[in-house]
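Chemist: Build me a structure from this.
(one chain, ligands or ions: 2)
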Amino acid sequence: MVRSIAIASGKGGVGKTSLAVNCAVKLNADGYNVGLLDADFGMANSHILLNQKIENSVNDILEKNLNIEKVIHETSAGLKLIPGGSGVLELLNLNSKKRWEIIRSLDVLKNDLDILVVDTPAGASDASIEFSAACDAVVIVLVPEPTSFMDAYSFIKALFLEKKIDTVSIVVNLAKNEKAAKKSYDSFKKIVTKFLSVDMKFLGWLPESKAIAGSIVARKPAVLQKSLEPILQKNFAEIANNLVKVDAVKSSGVKFFSNK
Ligand SMILES: Nc1ncnc2c1ncn2[C@@H]1O[C@H](COP(=O)(O)OP(=O)(O)OP(=O)(O)O)[C@@H](O)[C@H]1O
Ligand SMILES: [Mg+2]
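Modeler: Numbers count the residues shown, from 1 in each chain. Ligands and ions are numbered 1, 2, ... in the order given. Below is the predicted model:
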């Protein structure tokens, strides 16, 4: 069975794509068969981090009826990338039928993958909510600042009210150290659980890092960079390890790799 994991946030620019790509690469290196769906249609950029030339994107499935096999890119890092396509206005306004088509088109990967990581767009849009809810588990990237807390809260609230998702996992990015990361997590959890009966799990944290900041220019995910700081090696390993262990949550609506 494929385990699907959404990486979401609410606020933009908090490190979703960095986390999604690095975890996908790490899990692949750990021996899992990994797929990465870049569902940030219109502004997809996972392929840049992976230095992957794109032949076709999800847009071509919808527009040209192209077979999904032609959209799956075997990357040099070993994982299978399903790119979202950049600057395609059509995809920014996908209706739910098209989202369903995209989710169902991945069914052919059912026997090839152990894990599907889904990089979602920022904001509590229909697209980010539906692609997140279609996954077995949702990971929210949080940074220690009020706007990130507010937007993550709105996103979790929407997932809970619209899709009945009552468990989310948290990764704190740009934390000073483990203690500060856990403190941010604890205060966020307090806010969320005060108003919503949502269960939360701490999955791990990442410090501010030159290796991550420079990875777009280097076109190489941090986890593949030589002489990666030990703290990043350790923390990415921990997050990846925890990712495969998160329990699948129930939700209403369409799911990846199911018949719904
Ligand atoms: N821990 C970190 N240390 C340093 N830079 C980081 C870190 N995490 C992310 N960044 C940088 O912050 C920027 C935004 O990161 P990223 O693209 O991963 O965020 P995102 O949440 O996917 O953004 P968007 O909402 O636009 O999709 C990138 O330039 C990235 O390199
Ligand atoms: Mg992104």
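Chemist: Find the closest residue to ligand 2 in the stretch 101-250 of the chain.
Modeler: With Cβ to the ion as the measure, Asp119 is the residue of the stretch 101-250 of the chain nearest to ligand 2, at 5.9 Å. Yep, even glycine has a C-beta here, placed from its N, CA and C like the rest.
Chemist: hey, what's that residue bridged with?
Modeler: Assessed by DSSP bridges, Asp119 has beta-bridge partners Ile7, Asp38.
Chemist: And the closest residue to Asp40 other than its chain neighbours, its phi and psi?
Modeler: With sequence-adjacent residues excluded and distances taken as Cβ to Cβ, 6 or more residues apart in numbering, Asp40 is closest to Pro121, at 4.5 Å. For Pro121, the backbone dihedrals are phi -70, psi 160 (criterion: degrees, to the nearest 10).
Chemist: near ligand 2, which residues of this structure?
Modeler: The chain has residues 16-17 near ligand 2, with proximity defined as Cβ under 5 Å from the ion.
Chemist: what ranges of the chain fall below the confidence cut-off?
Modeler: Within the chain, the stretches falling below the threshold (pLDDT under 70) are 86-93, 259-260.
Chemist: ok, now with 80
Modeler: Counting by pLDDT under 80, the chain contains low-confidence ranges at 42-44, 85-94, 259-260.
Chemist: Do a quick rundown of the strands in it.
Modeler: Here the chain has its strands, by DSSP state E, at 3-8, 34-38, 73-74, 80-82, 115-119, 137-142, 167-172, 199-205.
Chemist: which helices and strands does the fifth one pack with?
Modeler: Counting contacts by 3 or more Cβ pairs under 8 Å, 6 or more residues apart in numbering; DSSP states H and E, strand 115-119 is packed against strand 3-8, helix 16-29, strand 34-38.
Chemist: how far is that strand from where the chain is centred?
Modeler: Once both centres are worked out by Cα atoms, centre = their mean, to the nearest Å, strand 115-119 turns out to sit 6 Å from its chain's centre.
Chemist: Need the contact partners of it.
Modeler: Contact partners of strand 115-119, identified using Cβ atoms under 8 Å, 6 or more residues apart in numbering, comprise 2-7, 16-17, 20-21, 23-24, 27, 32-40, 46, 106, 109, 131-132, 134-135, 243-244, 256-257.
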